[in-house]
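Asker: need a 3D model of the following:
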Amino acid sequence: MRGKLVFVAGIATGYVLGSRAGRERYNQIKKNWLKVWNTDVVQDKVEVVQGFAKARLSEVPGAVFAGVKKVSTAVGGEGTPGQKLDRTIAKTKDAVDDVAERVLPHDEPSNPSTGTPSK
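Answerer: Next up, the predicted model:
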């Protein structure tokens, strides 16, 4: 869903920036966008996302700090540059997984490469 919204926003932005119709067309697009934005369905989803973000926001700093600590320890260890790189990559993946576990709801599986819930 997020990808679709970003795609639509990108198309709208490109159209506005590339349009030769000028300010009048921009105002027309803005007016129509605000009509959509202010519908009950969209605002219900906005409230859901805001609630999720507020509930998870307090968990982010601790999770990120723990991840940075893991990665910096891996970088500073002994070994050849290749060994350090391998260790750092592994620790970074572990850190991302840890952040995802702390921040994402536990009832939804996540995609560890993007950190977004899978459908």
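
Asker: where do the helices of the chain begin and end?
Answerer: Using DSSP state H, the helices of the chain run over 2-18, 23-37, 40-57, 60-75, 81-103.

Asker: can you redo these as CSV with mean pLDDT and mean neighbour count?
Answerer: Glycine gets a C-beta too; all of them are placed from N, C-alpha and C. As requested, the helices of the chain are arranged in CSV below (pLDDT from 0 to 100; neighbours: other Cβ atoms under 10 Å):
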stretch, mean pLDDT, mean neighbour count
helix 2-18, 78, 10
helix 23-37, 86, 11
helix 40-57, 86, 10
helix 60-75, 76, 14
helix 81-103, 80, 15
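
Asker: wait, residue 29 sits on residue 14?
Answerer: No - contact between residue 29 and residue 14 fails when scored by Cβ atoms under 8 Å: they sit 11.6 Å apart.

Asker: contacting residues for the nearest residue to residue 75 once chain neighbours are set aside?
Answerer: Ranked by Cβ to Cβ, 6 or more residues apart in numbering and with sequence neighbours excluded, the top spatial neighbour of residue 75 is residue 88, at 5.3 Å. Shown in contact with residue 88 (Cβ atoms under 8 Å, 6 or more residues apart in numbering): 71, 74, 75.

Asker: could you measure from residue 88 over to residue 77?
Answerer: 9 Å (Cβ to Cβ, to the nearest Å).

Asker: got it, and residue 33?
Answerer: On the measure of Cβ to Cβ, residue 33 and residue 77 end up 51 Å apart.
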